[in-house]
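Trainee: A predicted structure for the sequence below; I have some questions about it.
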Amino acid sequence: MGSKVFVTGANGRVGQRLVAALVAAGDQVTGLARSADKAREVEALGAACLVGDLSSRDVLEQGLDGAEVVYHLAGGLRGPGPQQTPDLVNRAGMQGLLDAVDRVGTGSLNSLVFTSTCAVYGDRSGLVVGEDMPPQPDTRYGKSKVAAEQLLAAACDERGVPGRIVRLAAVYGPGFPFMLADQIAAGTARLPGEGRNYVPTIHIDDAVTGLRAVAGGGVDGAIYNLADRAPLTLRDFYAEVHRHVGGAPVRFFSTWIPSYVQEALARTNERVASRLGRHPRLTPDNLKLFRASARMRVDRIEQELSMEWAWPSAREGLADVLAPR
Ligand SMILES: NC(=O)c1ccc[n+]([C@@H]2O[C@H](COP(=O)([O-])OP(=O)(O)OC[C@H]3O[C@@H](n4cnc5c(N)ncnc54)[C@H](OP(=O)(O)O)[C@@H]3O)[C@@H](O)[C@H]2O)c1
C-alpha cells in the first residue's frame, strides 16, 4: 500500500513529473496549486489537489493532515508581481508551511523534503562543492533558499520535524525552459557570461528519482546535492542542444555588452515586468546565475541512498529529451 503524500508546487514543472511518478507507484497524493485551473492539471495526473498558497492556513492544514511524506516544491526565482520577491516565495513560504506543521503536529509525518538549489553555493569558479561546505549565495534567490533551509534545519533540531534538504541542479527535460530549445532552434538564443562556467544540471527523471530516494531513505536534518555525474560548461550544454535542434548556437553577450549595461538593463527589466504583474526573465539574479561556476559532489546521495542515474551526463540526457521520436 502506498503512502499518503502532500506535494506543494504540484502543478510546477518538477511537481507534475513527481506527482505522476508517485501516483504510478500507488501513493495517495494530494497537491497544492494556486488556482482551480492549475489544480485541474494536477487532478488529471490522478492526484487530489487543494487550491491555495503557502499563506493559506486551513488549506495547508488539510494537506498536512495524515500526510506521511511532504515534498515542498513551491517556490522559485521570484513570482510575477512586485511583492513576489524570492524572500516571500521561498523563506516566508517555508515559514508558512512549518507553522502549519506545528499546528497539525508531526504524528504521521516520516519525511519533509525541501527542494533547495545549487544557487546556495554561489559562484565558486568551478570548484567541486560538497554539502558540508558553507553556502555563499550571491543572489537574492540563493539567499532566500538558504534562509528557508535554516528554518527547516531549526524545525528539525528543535521540534523534531523530519526535514531533509535537496540542493537541486538546473533541471532539463521535455518543456523545461532551461534548455532554450525553442530559442536555439529559432536562432535567437542569447545568454549573459561567456559560457565557460559549470552549471550543475539534472534530467527531470533523475531529479524525481533522487527526490523520492531522499524521502524514502534520507536522514532527518541532512542535505543532499542532486545533480548528474558529469558536469558540462554552459557552452557545451547548449552546443549539445544545438546539435539536436539545429538553428544557431547560443550567443553569449558578455563579450559585446559591458557588464554595467547588462546590470542596468536587468534591474530596469525586473522593475517594469514586476509592476506589470509579469514574470521577469532578465533580472540581476539571472545574470549572476548564468555566470556562476560550481560543480556539485554527488557522492552522498549515491553512497547513502544508492542513487542510480538514468542519464548520468547531460550529453545522454539531452539526446533522450531532444531526439526525434
Ligand atoms: N527547475 C529547476 O531547474 C530547479 C533547480 C533548483 C531548484 N528548483 C526548485 O524546485 C522547485 C520546483 O521547481 P520547478 O521548476 O517545478 O518550478 P516551477 O515550474 O516554477 O513551479 C513552482 C511551483 O511553485 C508554486 N509557487 C510559487 N510560489 C508559491 C507560493 N507563494 N505559494 C504556493 N505555491 C507557490 C508555483 O505556483 P504557480 O504555478 O501558481 O506560480 C508552481 O506550482 C522550486 O522551489 C525551485 O526553486 C528548481
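Mentor: Structure received.
Trainee: Run through who's touching the helix or strand of the chain with the lowest mean pLDDT.
Mentor: Least confident element among the helices and strands of the chain, by mean pLDDT, DSSP states H and E: helix 259-275 (a mean of 85). Under the contact criterion CB atoms under 8 Å, 6 or more residues apart in numbering, helix 259-275 has outside partners 78, 80-82, 84, 192, 253-254, 279-284, 286-287. All C-beta atoms are positioned from the backbone trio N, CA, C, and that covers glycine.
Trainee: Need the max-distance pair from these.
Mentor: Spanning the widest gap among these are 81 and 254, at 29.8 Å by CB to CB.
Trainee: before we move on, the earlier item: from the contacts of helix 259-275, keep the buried residues only.
Mentor: Those of those that meet the buried threshold are 78, 84, 192, 254, 280, 282-284, 286-287, by 16 or more other CB atoms under 10 Å.
Trainee: Now pLDDT and secondary structure too, for the residues you listed, in CSV please.
Mentor: Below are these laid out as CSV (pLDDT from 0 to 100; DSSP: H, G, I helix; E, B strand; the rest coil):
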residue, pLDDT, secondary structure
78, 74, coil
84, 72, coil
192, 89, coil
254, 75, helix
280, 76, coil
282, 83, coil
283, 86, coil
284, 87, helix
286, 88, helix
287, 88, helix
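Trainee: quick check, nearest of those to the ligand?
Mentor: Of all the buried ones among the contacts of helix 259-275, the ligand sits closest to residue 84, with 7.1 Å by CB to the nearest ligand atom.
Trainee: wait, what's in contact with the closest one?
Mentor: By CB under 8 Å, 6+ apart, the contact list for residue 84 reads 78, 274.
Trainee: Likewise for residue 164?
Mentor: By CB under 8 Å, 6+ apart, the contact set of residue 164 is 111-114, 214-215, 218-224.
Trainee: quick one: which helix or strand includes it?
Mentor: strand 163-168 (DSSP states H and E).
Trainee: For the helix or strand following that strand, which helices and strands make contact with it?
Mentor: Counting by DSSP H and E, the next helix or strand C-terminal to strand 163-168 is strand 170-172. Applying 3 or more CB pairs under 8 Å, 6 or more residues apart in numbering; DSSP states H and E, one finds that strand 170-172 contacts strand 201-203, helix 204-217, helix 314-322.
Trainee: Return the most buried member of those.
Mentor: Counting by mean count of other CB atoms under 10 Å, strand 201-203 has the highest mean neighbour count of those, with a mean of 27.
Trainee: name the helices or strands packed onto that one?
Mentor: strand 170-172, helix 314-322.
Trainee: partners of it in the sheet?
Mentor: Strand 201-203 sits in its sheet next to strand 170-172 (parallel), going by DSSP bridges.
Trainee: Briefly note if the strand it pairs with comes near the ligand.
Mentor: Yes: judged by CB under 6 Å from any ligand atom, strand 170-172 comes into contact with the ligand through 170-171.
Trainee: which residues are in contact with that strand?
Mentor: In this structure, residues lying in contact with strand 170-172 by CB under 8 Å, 6+ apart are 13-14, 118, 178-179, 199-204, 207, 314, 317-318, 321.
Trainee: ok so, going back, list just the nearest of the contacts of residue 164 to residue 158.
Mentor: residue 221 (11.1 Å).
Trainee: Residue 53 contacts residue 33, correct?
Mentor: No: using CB atoms under 8 Å, residue 53 is not in contact with residue 33; the gap is 9.1 Å.
Trainee: These two: which is more packed in?
Mentor: residue 33 (25 against 17; other CB atoms under 10 Å).
Trainee: what sits against that one?
Mentor: 10-11, 39, 41-42, 49-51.
Trainee: go with 7 Å
Mentor: The contact partners of residue 33, by CB atoms under 7 Å, 6 or more residues apart in numbering, come to 10-11, 39, 42, 49, 51.
Trainee: So which bits of this structure are right by the ligand?
Mentor: Counting by CB under 6 Å from any ligand atom, the residues of the chain near the ligand are 9, 11-15, 34, 38, 53-54, 73-76, 79, 89, 93, 115, 117, 168, 170-171, 178.
Trainee: Just those: which are in strands?
Mentor: In strands, judged by DSSP state E, the following of these are found: 115, 117, 168, 170-171.
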